[in-house]
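Participant: need a 3D model of the following:
(chains A and B)
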Amino acid sequence: MNTLEIKDLHVSVEEKEILKGVNLTVHENEIHALMGPNGNGKSTLLAAIMGHPKYQVTSGSIVYNGQNVLEMSVDARSRAGLFLAMQYPQEIPGVTNSDFLRAAINARREEPISLFQFIKGMEKTIKDLEMKEDLAHRFLNEGFSGGEKKRNEIVQMEMLKPSLAMLDEVDSGLDVDALHVVANAIKQLKEETKMSLLVVSHYERFYELIVPEFTHVLVDGKIVLEGDAELARKIDSEGYDWIYKEYDVKPASEAEKRAPVSLGACATSQRVRRKEQK
Amino acid sequence: MRKLSANEEVILTDGYQMLEVDTKEEAQFSFVCRGKSEVFLKVKNAKQITLKTKTEENGELTFLIWNESETPCEFEESHELLKDASLQLSYGEVNQTEASHHLVVDLLEPGAHAQVGSATLTRVKKSFTMSVVSHADHTYGQIDNYGVVLTGGNYFVDATGAIKKGAYASESHQTSCALCFDEGMKANILPRLLIDENDVQASHATSLGSVDEEHMYYMQARGLSPQQCTALISTGYLMPVTRTIQDETLQQELRAELERKIHELCSI
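Facilitator: Have a look, this model is predicted:
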């Protein structure tokens, strides 16, 4: 049985501690929702599981199917069945989607996939995700709209068939129709492969389609509350304030990421004034 | 494939032809294109090649020089274009012997149009000194160089786009990029624009460095090892040169050869 076990995980980014002791267990075929205000560690947790070099695990453990994930390279984690649909997928010019995916599929097989089998699989996936037919020949995410990039993450997931998929705000940038298309593809793959899902989303609409069995609320680097799908619904209607009061926690303030402004430039000073009027 | 003799002048016929240079002597070749010709010139062995092309009025010449020489080779080239002529000139430098190219493309009459491109994968010294010069109005010159430089490699590009006085409404553009994966390599790109006329368009873009870390992470997160990522990115960088000539059989052969070399060199 595929199981992810995270114990007392502490993660820092550039010397700043973001995760402050996360415990989480995800069993096979389960859907877990990860919620919490912005800047409180949701994406950090997913990136740390996948092994992003910027995120430094200072203590704790991540074990998947008995293997110490923290000792594995990023690519080895992927080949072990972990998949992260990223919030900001990279654009890689010169590398076509088909070359990339074929290489990724072959990286987890002893015998390379036949061209016929690959094309057949790719065509079906493109159809499932309602992508443009020329997707295979386009460069990886280059010139894609926000929605196309997110759907392309799910194309990759469907082709690679992970045993645990982590979706980092995969629903943002999708219109209502595309949201249904993506949700259906995820559900279909889950039915087929019994993969588990760890889903980060701010929107109840996505959780209505991908119904989580477990909901975890991450505040200031710790899971402060756990529940079922009902908890996700309550947060959607009431926000997080009641959690702060009831559980006596404070959210980490979102890092200020303001671009330097020159008040001498007309456009900038107008924008500043508009903000002030609000 | 026809073998060229040491000092040959070729009046190109229309269509596609494969030619080969295999000599230990200094060799001179000249080509005249009056119609629409595609030339694949494979350099099997050479020491010094002097090469001239002339594309006459309304002529269309596509010329791919694929270097497989087992000995270091110097190329001295001049390419002339007359009224409304077009030239696509490409270089495949993926063999591991030293090579240097000195070439000048002269856009002599109005409407002349030239695109010059190179693809280089190297662990040795490869150098290009190239100029595309607009002498007349309404001419267009473009230079695109892509290099993947591995340990021991020394990649040098001096690319000049020039627009002379009187060559109004002309364009000169260039892009030169070098990907450097390892330590112990050297890459130098000198982009130049020499503009002596108003009412023209000119641009240059240069990038030089290693692969973006976020790109590597993204690709590794799908199961590819760092070596496989390197090979895929290099393939994307260099593959366009294999599509210079329209002939599908040749394209497949060159693609297979390039992939083989990339995997051989990038996996080390």
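
Participant: contacts and neighbour counts: CA atoms only from here.
Facilitator: Noted.

Participant: show me which residues of chain B are close to chain A?
Facilitator: Neighbours of chain A within chain B, by CA under 8 Å from any CA of the partner chain: B:214-215, B:217-218, B:220-225, B:232-233, B:235-237.

Participant: look at residue 179 and tell me its secondary structure.
Facilitator: Chain wasn't specified; assuming chain A. helix (DSSP: H, G, I helix; E, B strand; the rest coil).

Participant: who's the residue of the stretch 1-150 of chain B found nearest chain A bridged to?
Facilitator: For the stretch 1-150 of chain B, the residue closest to chain A is residue B:146, as judged by CA to the nearest CA, at 11.5 Å. Residue B:146 forms beta bridges with residue B:119, residue B:177, as assigned by DSSP bridges.

Participant: what is the burial count for it?
Facilitator: By other CA atoms under 10 Å in any protein chain shown, the residues close to residue B:146 number 24.

Participant: against residue A:45, how distant is it?
Facilitator: 38 Å (CA to CA, to the nearest Å).

Participant: and if you look at residue B:43?
Facilitator: 55 Å.

Participant: against residue A:219, how distant is residue B:226?
Facilitator: Counting by CA to CA, the gap from residue B:226 to residue A:219 is 35 Å.

Participant: buried sites along stretch A:180-200?
Facilitator: Buried positions in stretch A:180-200, judged by neighbour count with 16 or more other CA atoms under 10 Å in any protein chain shown: A:180-187, A:189-190, A:194-200.

Participant: ok, and what's touching it?
Facilitator: A:26-35, A:42-43, A:128-130, A:151, A:154, A:158, A:161-170, A:206, A:209-210 (CA atoms under 8 Å, 6 or more residues apart in numbering or on different chains).

Participant: which of the residues you listed fall in helices?
Facilitator: Members of the contacts of stretch A:180-200 lying in helices (criterion: DSSP state H): A:42, A:43, A:128, A:151, A:154, A:158, A:206, A:209.

Participant: farthest pair within the residues you listed?
Facilitator: A:42 and A:128 (28.4 Å; CA to CA).

Participant: between these two, who's got more neighbours?
Facilitator: residue A:42 (27 against 17).

Participant: right, and the more buried one touches residue A:36 too?
Facilitator: Yes: contact criterion CA atoms under 8 Å: residue A:42 and residue A:36 qualify, at 7.1 Å.

Participant: helices along chain B, start to end?
Facilitator: Under DSSP H, chain B gives helices at B:213-220, B:226-238, B:248-266.

Participant: tell me the buried residues in the second one?
Facilitator: Of the residues in helix B:226-238, those scored as buried under the neighbour-count criterion (16+ other CA under 10 Å) are B:226, B:228, B:229, B:230, B:231, B:232, B:233, B:234, B:235, B:236, B:237, B:238.

Participant: closest to chain A among these?
Facilitator: Distances from chain A to the buried residues of helix B:226-238, taken by CA to the nearest CA, are shortest for residue B:236, at 3.9 Å.

Participant: in contact with the closest one, which residues?
Facilitator: Here residue B:236 is in contact with A:93, A:94, A:95, A:96 (criterion: CA under 8 Å, 6+ apart).

Participant: picking up where we left off before, per-residue pLDDT of the residue of the stretch 1-150 of chain B closest to chain A, please?
Facilitator: Model confidence at residue B:146, expressed as pLDDT, equals 95.

Participant: nearest to residue B:59, of the residues of chain B next to chain A?
Facilitator: residue B:237 (29.5 Å).

Participant: surely the closest one is in contact with residue A:94?
Facilitator: Yes: the pair residue B:237 / residue A:94 is scored as a contact, 5.8 Å apart, by CA under 8 Å.

Participant: need the residues of chain A near chain B, please.
Facilitator: Counting by CA under 8 Å from any CA, the residues of chain A that sit close to chain B are A:50, A:52-53, A:74-79, A:83-84, A:89-96, A:99-100, A:103-104, A:107-108.

Participant: picking that back up, closest to residue A:137 among the ones in helices among the contacts of stretch A:180-200?
Facilitator: Among those, residue A:151 lies closest to residue A:137 (CA to CA), at 15.9 Å.

Participant: what about that closest one, distance to residue A:17?
Facilitator: Residue A:151 is 32 Å from residue A:17, by CA to CA.

Participant: those two - which one has more neighbours?
Facilitator: Counted by other CA under 10 Å, residue A:151 and residue A:17 do not tie: residue A:151 has more neighbours, with 26 against 17.

Participant: so who does that one touch?
Facilitator: By CA under 8 Å, 6+ apart, the contact set of residue A:151 is A:129, A:131, A:170, A:182.

Participant: let me know the closest of these to residue B:196.
Facilitator: Nearest to residue B:196 among the contacts of residue A:151: residue A:131, at 48.5 Å, using CA to CA.

Participant: about what we covered before: and the buried residues of helix B:226-238, which two are furthest apart?
Facilitator: Using CA to CA, these span at most 18.3 Å, a distance reached by B:226 and B:238.

Participant: now pLDDT too, for the buried residues of helix B:226-238, in a markdown table please.
Facilitator: As requested, the buried residues of helix B:226-238 are arranged in a markdown table below (pLDDT from 0 to 100):
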| residue | pLDDT |
| --- | --- |
| B:226 | 89 |
| B:228 | 90 |
| B:229 | 91 |
| B:230 | 87 |
| B:231 | 88 |
| B:232 | 90 |
| B:233 | 89 |
| B:234 | 89 |
| B:235 | 89 |
| B:236 | 88 |
| B:237 | 86 |
| B:238 | 92 |
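
Participant: give the contact list for residue A:11.
Facilitator: By CA under 8 Å, 6+ apart, residue A:11 lies in contact with A:17, A:18, A:19, A:20, A:44, A:45, A:48, A:55, A:56, A:57, A:58, A:59.

Participant: now it: how far from residue B:23?
Facilitator: Taken as CA to CA, the span from residue A:11 to residue B:23 is 63 Å.

Participant: hmm, what's the outermost residue in chain B?
Facilitator: residue B:221 (34.0 Å; CA atoms, centre = their mean).

Participant: and that one, how far is that from residue B:102?
Facilitator: As judged by CA to CA, residue B:221 and residue B:102 stand 43 Å apart.

Participant: what of residue B:4?
Facilitator: Taking CA to CA as the measure, residue B:4 falls 21 Å from residue B:102.

Participant: one more: residue B:246?
Facilitator: 26 Å.

Participant: between the two, which has more neighbouring residues?
Facilitator: residue B:102 (16 against 12).

Participant: residues in contact with that one?
Facilitator: With contact set as CA under 8 Å, 6+ apart, residue B:102 has these partners: B:75, B:76, B:77, B:128, B:129, B:130.
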